[in-house]
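K.L.:
Got a predicted structure plus its sequence, pasted below:
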Amino acid sequence: MYNPPAFREDRPEVLREIMRAARLALIVSAAPDGGAPEATHLPLTLHENEGPHGTLYGHVAKANPHWKGLAAAGMARAIFTGPEAYVSPSLYPSKQEHERVVPTWNYVAVHAIGPVEVIEDAERLHAIVSRLTDRQEAPRAEPWAVTDAPEAFVAAQLKGIVGIVLRIETLIGKRKLSQNRSEADRAGVVAGLAASADPADRAVAEAMQAG
C-alpha cells in the first residue's frame, strides 16, 4: 500500500480500533500457479494479546478453493477499510484564491500481513465460529449463541468450512484525511462532509475531527 509519511498511522490503539470497526475484511494471497492474487471477503476476529500485533481468526467455505491457495502461499494480507469519501475541490477555500485544486478521496485503511494457518480440526473451528458469533451478537438484547443450535447440526455445518488463522507480523495503517492541506482547507472539507446527507461522508468528517 502506497503510504506517504503525512498519512501514516502507527498508533497501535488506533489501528486496532479500525480493525475492530471494519465489518468485513479482505484476505489476499499469492496464487500458487503464479497467476493473479486470490482474494476472499470475510469477517475476521482480532485477538490482541496473541503475538506482537495480535492474531486474526476467520473461516471460509470448504468449497472456496482459496483456502488451499492460502495453505500453499503460507503468507497472507488482510485488508480492513474504514470511513471513505470523495472530496470535491469546491470544499477548499483555496479554490477561491487560485483554482489550483483537484478532487481527491479521503479514506482509512489497515493492512495486516503475516503467516497464515489453515484449520480443519472441529474443536478449533467451533471456537473460531463461536468467538465471531459472540462478538456480532453482543449488542442484541437476546444474543444467539452457537450452542443454541443442535450439537449434531453444528457438527455437520463445521464440516463445510475451513478456519483461517493469520498471525500478524506487520501492520500498515493509513489515514488519508487531508493532512496535506492547509488548516483552512481541512476545515472546509470537515464542514462540507459533515453537512452531507450521506452517512459515509459524515463518518469521514468525524474521523478528521478525531485527529
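P.N.:
Structure received.

K.L.:
residues in contact with stretch 92-108?
P.N.:
9, 18, 81-89, 174-178, 181-182, 184-185, 187-189, 204, 207-208 (C-beta atoms under 8 Å, 6 or more residues apart in numbering). Every C-beta, even on glycine, is put in place using the N, C-alpha and C of the backbone.

K.L.:
In strands, which of those residues fall?
P.N.:
T81, G82, P83, E84, A85, Y86, V87, K174, R175, K176 (DSSP state E).

K.L.:
Quick one: buried ones out of the residues you listed?
P.N.:
T81, G82, P83, E84, A85, V87, K174, R175, K176 (16 or more other C-beta atoms under 10 Å).

K.L.:
Look up phi and psi at the residue nearest to L26 when sequence neighbours are not counted.
P.N.:
With sequence-adjacent residues excluded and distances taken as C-beta to C-beta, 6 or more residues apart in numbering, L26 is closest to I79, at 4.4 Å. Per-residue torsions, I79: phi -110, psi 130 (degrees, to the nearest 10).

K.L.:
Report the rounded mean pLDDT for the longest strand belonging to the chain.
P.N.:
Assignment by DSSP E gives strand 104-119 as the longest strand of the chain. Mean pLDDT, strand 104-119: 98.

K.L.:
what element comes up after that strand heading to the C-terminus?
P.N.:
Next in sequence after strand 104-119, counting helices and strands by DSSP states H and E, comes helix 122-137.

K.L.:
tell me the angle of the helix or strand following that next one relative to helix 122-137?
P.N.:
Next helix or strand after helix 122-137 toward the C-terminus (DSSP H and E): helix 151-158. Calculated by axes from the mean of the first three to the mean of the last three C-alpha atoms, to 10 degrees, helix 151-158 forms an angle of 90 degrees with helix 122-137.

K.L.:
one step back: select, from the buried ones among the ones in strands among the contacts of stretch 92-108, the two members most distant in space.
P.N.:
T81 and V87 (16.6 Å; C-beta to C-beta).
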